[in-house]
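In: okay, here's the prediction I keep looking at, along with the sequence it came from:
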Amino acid sequence: MPDPILEVENLSVDYLMDSGPVRAVDDVSFTLGGREFLAIVGESGCGKSTLLFAIAQLLAPPAEVAAGSVKFQGTNLVRLSDKDLSAVRWRDISVVMQSAMNALNPVKSIGAQFKDAMRAHGKYSGQEITDRSAEVLKMVGIDPVHLRSYPHQLSGGMRQRSMIAMAMLFTPDLIIMDEPTSALDVVAQRALMVQIKELQEQFGFAIIFVTHDMSLVSHFSDRLMVMYAGQTAEVGATRDIFDRPQHPYTKGLLEAFPSVRGPKTPLKGITGSPPDLAQLPPGCRFQPRCPVAFDECLTHQPELYPVNASLARCLRVRDRQADPDRMKDGVR
Amino acid sequence: MRYALRRLGFFILTLWAALTINFFLPRLMPGNPADAMVSKYRGNITPATLHQLEVLFGLNTQQNLFFQYLHYLGQVLTGNFGTSLEFYPRSVSSMIGGALWWTLGLVGITTIIAFLLGTGIGIVSAWRRGGTLDSIVPPVFVITSAIPYFWVGLMLVLIFSFAVHAFPSAGAYYTSTDSPGLNLTFIQDVINHAFLPALALTITTIGTWILTMRNTMITTLAEDYVRMARAKGLPGRRIMFDYAARNAILPNLTGFAMSLGFVLSGAILVEDVFNYPGVGQLLLTAVHSEDYPLMQALFLLITVAVLLAILAADIITALLDPRTRTAR
Amino acid sequence: MAAPVTAERPAARQLPGGHALRRIGKAIRSNRKATAGTVLLVLFTLISLFPGVIAHDDPVQDAYTPRLGFSTAHLLGTNSFGQDLWSQVVYGTRNVLEIAIVVGLLTTGIAVIIGVAAAYLGGVWDGVLSVFTDILLVIPLFPLLIVIAAYTNGANMFVLIAAITLTGWSYTARQLRSQALTLRSRDFLEAARVRGERRLYVILVEVIPTMTSLIVASFLTNALYAILFSSGLQFVGLGDPNTVSWGTTLYWAQNEAALQTGYPQWAIAPGLCIAAMGAAFALLNYAFDEIGNPALRPVRRPRRRRNA
């Protein structure tokens, strides 16, 4: 791929609790190309939102980056001073959050919040600000008259779209989205995804999209990263992961979603619940819930092993690469 | 609109409750305090005043309780609070009028300073969580809000009036040397005399402002829109004021108004220590001299003051919060 | 006597039943404010129970030469009536602590009953109780107490306790009602309801134990106000001038112009004690806020690894 715009290397994030640090994101690495759409999926508490905030340098105490680097266009954001970081914010990287009702200041009009963002990054005249604000609103299909509106006066879908508009103010190179569709109904969700994809195609920015809903991103993302208990479980091209899931967790997730077409198969959930990050099992983190775990899984922590064009954190994957035909416990 | 009507209804109800308390208390107390009051003053007052007292306190009357009550309400609601006994023949209203300005000044200045300084410290302390300011603010001000007002007053007098002769220890101005009016010496003198009482009141009340503001700020700072503001790269000061403080203060305004009751209570005690001629001292004088008409009127006045403050706070909150402004 | 400061107490942080008390014990030990407050309170309790251990004189006996200064015989000197000041202060502890605890308990009891009843009865009853509570909340309490004390010609212990209790429950009642309301819809209560338990059972066995932390905090708040109100009344001469209490000692100090005549310890000592006991309750109360709402706890600033 041409020069990636984002390189996350061995990023770890700790929450400093009274009883000691708890690692919420453990040694995550990935790269992102200029026009790529990367989806990060996982259950609640798997660390995906923490990862997102860590990348955007929006962690708040007691969370802090414990190790690793986040290189955006070559510069490590973790080591930047506040001043330099401010220059990058919004111009080059912007953020869209989960619930616009909570992410927009309730006592300021939409227009005033757009103005704040613009004023923070350069000297613009009042007219320039109004023009640009109207322009981005039109991009997402909102009448610019709503610049005067307050957040509570807009519908849920409109609020979410105005957040995306705000994120587009400087047509950044990277937009990070934290479950932007979760607060919407199914129809609005789809509409929003289509809109986001269109904007991406038109303006050519990269997207990191966090969600718990795999099926939502299946048609939109280029690459998919599945997280479990703070670690990357599997990462690869979206199509590959859906067609040939390697990690037992990914398989479990896919089997939990019914498909509209295809034969009717009984739904299978994944038994159990995610581990307490303060008390992790000694071996593989997924092992207690894994239908195909074997002895070594109890003691040995798997790395990310390459398989086809993806990576998967599973000992079976490691063994399959070494000896494709060997069976273990009757399972390959 | 409906909300406004409900609030207004509540205020009227509270006023009625205060009037009713005033009516029933002397009648319910053992030992018939009203009789004692009347016998103390009987020789010095006109029959008209005596009649007023009878209406207020139900003495010598054949009327049943209900009619007494109506009669009483009628009298009070027409603004007739009667004649002061201790300060006979001046009316209660005129006595209060004279003292009211002193207390307004004292409490007014104190509230403004405590509000500005208090919310300011609360905001900054929450903004810089874990910093030096934030680690000393809570324990220090938790303690200051537990100290009795009068003791702070006494200590200030001790230190600044007697040990170091910096400020006068009593009164509102030097009655012997000054002529009240808008001249510079008088104004300077007033400020001089008001300094210690105001300081005492501020020290004890500021704790509440600071701690409440800090607590709400901390909750507000965890909100998504604050994180969003950081993501936008907005300068820290703008986030602190425009995004966090503006939201944090809204739920507190009415609470601040309600705490006016405590500030006024503090003013009573501070005026006692400093012999300050405000309504607080007047109340205590009335109590000690069994001038019950004056005392009742002052109680009503203080209640009304708190109600007006709450009303003002409600209006200001509604104006500042666009959600209430634009709601149908 | 500033207006009370308590944080929003999110119901989600409450723990059911007996766990709460054990947690409270552990929390007290780990929170510095709570430890300080507890130590002070224990100290005062011991003093009030065994005053004779540290003070050898009868506080009311005016047998000594008036206006003596500090000495080993009279640690704080004597007042203008010839009474030993140290004894006055030590013996006065009991009166103040009694008022604090009795009023605290009674007031909290009333507040719990009214607050929880309003939340659970709902409808008209809630409306009536709430309006009643709000009215008492708005009416300034100290002036009301002054008026009551005026009519009784000075408030003795009984009147003080009764008056403060009957008027001071409104603030904590409101807080308790708020929390009870949020608990109404919690899952474990739904479970109890589905099991067919009667409302009273649900309230007594499930709800109130969950509110333990708030109830304890209410007790502390009410005790603090009892101290400040009662000593305030005594200070302005509306208490019983013959009781041995810090407030009355201060009253006499002011009356006899202690500050002006060079015997400031008469005013300093009892006031300091009131402040200390008040601070003890206030610190414990604030510590409870932090225990109940972890967001308020002291925060460690993360290591900043940025270049300036």
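Out: Thanks, I have it.

In: and the host helix or strand of residue C:232, what's its mean pLDDT?
Out: Assigned by DSSP states H and E, residue C:232 belongs to helix C:212-235. On average, the pLDDT along helix C:212-235 is 90.

In: which bits of chain B sit near chain A?
Out: B:129-130, B:222-225, B:227-235, B:238, B:242-243, B:246-247, B:250, B:320-323, B:326 (CB under 8 Å from any CB of the partner chain). No exception for glycine: its C-beta is placed from N, CA and C like everyone else's.

In: next step: these restricted to helices.
Out: Using DSSP state H, the subset of these located in helices is B:224-225, B:227-231, B:238, B:246-247, B:250, B:320, B:322-323.

In: quick one: buried ones out of these?
Out: B:224-225, B:227-231, B:246-247, B:250, B:322 (16 or more other CB atoms under 10 Å in any protein chain shown).

In: any weak-confidence spans in the chain?
Out: As the question left the chain open, I've gone with chain A. A:1-2, A:258-262, A:265, A:268, A:324-332 (pLDDT under 70).

In: wrong one, I was asking about chain B
Out: Across chain B (using pLDDT under 70), the flagged ranges come out as B:1, B:31, B:59-62, B:163-165, B:173-181, B:325-328.

In: quick test: name the residue nearest the centre of it.
Out: Residue closest to the average C-alpha location in chain B (CA atoms, centre = their mean): residue B:264, at 2.8 Å.

In: give me the nearest residue to that residue, chain neighbours excluded.
Out: residue B:302 (5.4 Å; CB to CB, 6 or more residues apart in numbering or on different chains).

In: next, count neighbours for the closest residue to residue B:42 other than its chain neighbours.
Out: Nearest non-adjacent residue to residue B:42, counting by CB to CB, 6+ apart: residue B:50, 7.5 Å away. Number of residues near residue B:50 (other CB atoms under 10 Å in any protein chain shown) recorded here: 15.

In: next SSE downstream of whichever strand or helix holds residue B:50?
Out: Element membership of residue B:50, judged by DSSP H and E, is helix B:47-57. Once the chain leaves helix B:47-57, the next helix or strand it forms, by DSSP H and E, is helix B:65-77.

In: contacting residues around residue B:248?
Out: By CB atoms under 8 Å, 6 or more residues apart in numbering or on different chains, residue B:248 lies in contact with B:123, B:126, B:213, B:216-217, B:219-220.

In: now, which of these lie close to chain C?
Out: When CB under 8 Å from any CB is applied, the members of those adjacent to chain C are residue B:219.

In: could I get the contacts of residue B:248 as JSON lines with neighbour count?
Out: Below are these laid out as JSON lines (neighbours: other CB atoms under 10 Å in any protein chain shown):
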{"residue": "B:123", "neighbour count": "22"}
{"residue": "B:126", "neighbour count": "26"}
{"residue": "B:213", "neighbour count": "26"}
{"residue": "B:216", "neighbour count": "25"}
{"residue": "B:217", "neighbour count": "25"}
{"residue": "B:219", "neighbour count": "20"}
{"residue": "B:220", "neighbour count": "21"}
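
In: looking at the contacts of residue B:248, which one is closest to residue A:6?
Out: Relative to residue A:6, the closest of the contacts of residue B:248 is residue B:220; by CB to CB it sits at 31.3 Å.

In: for chain B, what's its nearest residue on the stretch 51-200 of chain A.
Out: Closest residue of the stretch 51-200 of chain A to chain B, CB to the nearest CB: residue A:89 (3.1 Å).

In: which strand residues bridge that residue?
Out: Here residue A:89 shows beta-bridge partners residue A:93, assigned using DSSP bridges.

In: what's the burial count for it?
Out: Neighbours of residue A:89 under the rule other CB under 10 Å: 25.

In: just checking, it touches residue B:235?
Out: No. Between residue A:89 and residue B:235 there is no contact under CB atoms under 8 Å: 11.2 Å.

In: okay, and the common contacts of those two?
Out: Going by CB under 8 Å, 6+ apart, no residue sits against residue A:89 while also sitting against residue B:235.

In: report how many residues lie close to residue A:17.
Out: So residue A:17, with other CB under 10 Å, has 10 neighbours.

In: chain B contacts on the stretch 51-200 of chain C?
Out: Near chain B, the residues belonging to the stretch 51-200 of chain C are C:131, C:134-135, C:137-144, C:146-153 when assessed by CB under 8 Å from any CB.

In: which residue, other than its chain neighbours, is closest to residue A:282?
Out: residue A:299 is the one closest to residue A:282 (CB to CB, 6+ apart), at 6.2 Å.

In: residue A:284 versus that neighbour, what's the distance?
Out: Residue A:299 sits at a distance of 9 Å from residue A:284 (criterion: CB to CB, to the nearest Å).

In: which stretches in chain C count as helices?
Out: Using DSSP H, helices in chain C cover C:18-30, C:32-49, C:51-54, C:85-121, C:123-138, C:141-151, C:157-168, C:170-184, C:187-195, C:199-201, C:208-210, C:212-235, C:246-255, C:265-292.

In: in JSON lines: those, plus distance to residue A:48.
Out: Converted to JSON lines, those look like this (distance: least, CB to CB, whole Å):
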{"stretch": "helix C:18-30", "distance to residue A:48": "31"}
{"stretch": "helix C:32-49", "distance to residue A:48": "37"}
{"stretch": "helix C:51-54", "distance to residue A:48": "63"}
{"stretch": "helix C:85-121", "distance to residue A:48": "38"}
{"stretch": "helix C:123-138", "distance to residue A:48": "43"}
{"stretch": "helix C:141-151", "distance to residue A:48": "52"}
{"stretch": "helix C:157-168", "distance to residue A:48": "50"}
{"stretch": "helix C:170-184", "distance to residue A:48": "30"}
{"stretch": "helix C:187-195", "distance to residue A:48": "27"}
{"stretch": "helix C:199-201", "distance to residue A:48": "43"}
{"stretch": "helix C:208-210", "distance to residue A:48": "33"}
{"stretch": "helix C:212-235", "distance to residue A:48": "33"}
{"stretch": "helix C:246-255", "distance to residue A:48": "59"}
{"stretch": "helix C:265-292", "distance to residue A:48": "30"}
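
In: three-state assignment of the residue nearest in space to the middle of chain A?
Out: For chain A, the residue nearest the mean C-alpha position is residue A:210 (2.7 Å; CA atoms, centre = their mean). For residue A:210, the secondary structure call by DSSP: H, G, I helix; E, B strand; the rest coil comes out as strand.

In: what of residue A:71?
Out: Taken by three-state DSSP, the conformation at residue A:71 corresponds to strand.

In: if I pick it, what's in contact with it?
Out: So residue A:71 contacts A:6-9, A:77 (CB under 8 Å, 6+ apart).

In: repeat the analysis, applying 10 Å as the threshold.
Out: Neighbouring residues of residue A:71 by CB atoms under 10 Å, 6 or more residues apart in numbering or on different chains: A:4-9, A:31, A:77-78.

In: weed out the non-buried ones from the residues you listed.
Out: So, by 16+ other CB under 10 Å, the buried ones in the contacts of residue A:71 are A:4-8, A:31, A:77-78.

In: name the nearest of those residues relative to chain C.
Out: residue A:78 (7.4 Å).

In: what are the ranges of the helices in the stretch 101-250 of chain A?
Out: A:110-119, A:126-139, A:156-167, A:186-203, A:214-217, A:238-243, A:248-256 (DSSP state H, counting those that start in this stretch).

In: confidence score at residue C:128?
Out: Residue C:128 carries a pLDDT value of 91.

In: how many neighbours does it have?
Out: There are 12 residues near residue C:128, going by other CB under 10 Å.

In: OK, contacts around it?
Out: Contact partners of residue C:128, counting by CB under 10 Å, 6+ apart, are C:118, C:121.

In: any stretches of the stretch 51-200 of chain C with poor pLDDT?
Out: In the stretch 51-200 of chain C, residues with pLDDT under 70: C:62, C:67, C:72-74, C:185-190, C:192-193, C:196-197, C:199.
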